[in-house]
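S.K.: missing the sequence, but the structure's below:
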């Protein structure tokens, strides 16, 4: 957010700024979704409070969506609709984490996870991964950091910021480890339909059918270009969902009804726009990856999901750019390209670049970065 604010400030000064920082699609919300929202504005039933856990018809649609894309059969009573997937993450921590409980966070990780753990009184435990391992954690990695206080693992596939996607076998191994050790799993599946080498990112809940201590987090933001509509959801055991719904009743009450009607249209309406956006992201992904990999001192692996690249830039750090944060600052101030340093994700020495912009801007932006690094 700070990087995006600086980019806007430079733009207001007349600078030509290319934005690789934002974690949101650059496409408009599909027309049939906005049309449904417009109709909902005029329906008086949407002008009042509704159930804290979400509109019944939307929860039913989410259950069907979860069956289709996570391959897990759930009841609407196991679903809470939230103000974006971020609120679902916070409420999962609030429902399950007690003071002193430890939560394993594979690094690199999204910036909100450790904050949510700490706000719930828990202790975030970073579990390092490596670019050589594809930024994926293994059971052996988890066991090194497991203690008697380990309560939860945050499992994200596809990953923000690395774009890593776990295979079905990798997800199964981690799910079986969690089951054997009585560790809860928060599985963030918000990017599950934005994958490029498989049809869907395998769901840990599906791959470990006898394991029940999981909470799935998802939403309409990424796949339907609806980040501003603020509709997400959480799926899990009834008692956990009831606790989350009580928490939500005191925090925000129900999600805006018009936004829920828009989400309902997204899940039940035409899905062709999802594939159109995925194909566009795939073309951009290939372009950005190939150009970054050609920069001397940058080491990049091809992302398999989401819409980010996460190059290792440690080889270009030194007197001129002491840290990746310094490099990111130089890139925005001198090259006028906005991106996010790895420090934000617990991974100094890396940069995150989002390819949610045009191929022309990707070409121009990476050329600017390459010229700056060359000096």
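M.R.: Yes, it's here. All values derive from a computational prediction rather than experimental measurement. Numbers count the residues shown, from 1 in each chain.

S.K.: Now the spatially closest residue to residue 41 that is not a sequence neighbour: which helix or strand?
M.R.: Distances taken as Cβ to Cβ, 6 or more residues apart in numbering place residue 258 nearest to residue 41, at 5.7 Å, with adjacent residues excluded. From N, CA and C alone the C-beta is placed, and that goes for glycine too. Assessed by DSSP states H and E, residue 258 sits inside helix 257-268.

S.K.: what sits against residue 227?
M.R.: Contact partners of residue 227, counting by Cβ atoms under 8 Å, 6 or more residues apart in numbering, are 24-25, 84, 221.

S.K.: so can I have TSV of the residues you listed showing secondary structure?
M.R.: Converted to TSV, the contacts of residue 227 look like this (DSSP: H, G, I helix; E, B strand; the rest coil):
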residue	secondary structure
24	coil
25	coil
84	helix
221	coil
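
S.K.: Provide a ChimeraX selection command restricted to the buried entries of the residues you listed.
M.R.: Provided next is the ChimeraX selection string for whichever of the contacts of residue 227 are buried by 16 or more other Cβ atoms under 10 Å:
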select :25,84,221
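
S.K.: and whatever helix or strand residue 281 lives in with helix 257-268, angle?
M.R.: In the assignment (DSSP H and E), residue 281 maps to helix 272-293. Interaxial angle of helix 272-293 relative to helix 257-268 (axes from the mean of the first three to the mean of the last three Cα atoms, to 10 degrees): 80 degrees.

S.K.: quick one, strands of the stretch 151-300 of the chain?
M.R.: Taking DSSP state E, counting those that start in this stretch as the criterion, the stretch 151-300 of the chain carries its strands at 184-188, 214-219, 232-235.

S.K.: mean confidence for the longest one?
M.R.: Per-region confidence: strand 214-219 scores 98 on mean pLDDT.

S.K.: Against which helices or strands is it packed?
M.R.: Packed against strand 214-219 by the contact rule (3 or more Cβ pairs under 8 Å, 6 or more residues apart in numbering; DSSP states H and E) you find helix 56-69, helix 84-96, strand 184-188, helix 204-207, strand 232-235.

S.K.: Pairing partners for it, with directions?
M.R.: strand 184-188 (parallel), strand 232-235 (antiparallel) (DSSP bridges).

S.K.: Contacts for stretch 362-375, please.
M.R.: Residues from elsewhere that reach stretch 362-375, judged by Cβ under 8 Å, 6+ apart: 18, 20, 284, 287-288, 291-292, 294-298, 316, 320, 330-331, 334-337, 355, 357.

S.K.: 10 Å - rerun?
M.R.: 16-20, 283-285, 287-288, 290-292, 294-298, 309, 311, 313, 316, 320-321, 327, 330-331, 333-339, 351, 353, 355-358 (Cβ atoms under 10 Å, 6 or more residues apart in numbering).

S.K.: what's the offset of that stretch from the middle of its chain?
M.R.: 27 Å (Cα atoms, centre = their mean, to the nearest Å).

S.K.: Pull out the buried residues from it.
M.R.: Under 16+ other Cβ under 10 Å, the buried positions of stretch 362-375 are 362, 365-366, 368-370, 372-373.

S.K.: Restricted to helices, list those residues.
M.R.: Mapping the buried residues of stretch 362-375 onto helices (DSSP state H) picks out 362, 365-366, 368-370, 372-373.

S.K.: Touching, residue 64 and residue 75? I think so.
M.R.: No: between residue 64 and residue 75 there is no contact, the gap being 11.3 Å when judged by Cβ atoms under 10 Å.

S.K.: what about stretch 124-143, how long is it end to end?
M.R.: 15 Å (Cα to Cα, to the nearest Å).

S.K.: Could you list the buried residues of it?
M.R.: Neighbour-count burial for stretch 124-143 [16+ other Cβ under 10 Å]: 124-125, 127, 129, 131, 134-138, 141-142.

S.K.: average pLDDT for it?
M.R.: Mean predicted lDDT for stretch 124-143 stands at 97.

S.K.: Repeat that for stretch 308-325.
M.R.: Taken as a whole, stretch 308-325 has a mean pLDDT of 97.

S.K.: Check which residues of that stretch are buried.
M.R.: 308-314, 316-317, 321, 323-325.

S.K.: between those residues, which is closest to residue 302?
M.R.: Minimum distance to residue 302 across the buried residues of stretch 308-325 is 8.5 Å, recorded for residue 309 (Cβ to Cβ).

S.K.: Show me the beta-bridge partners of the closest one.
M.R.: What pairs with residue 309, by the bridge criterion (DSSP bridges), is residue 353.
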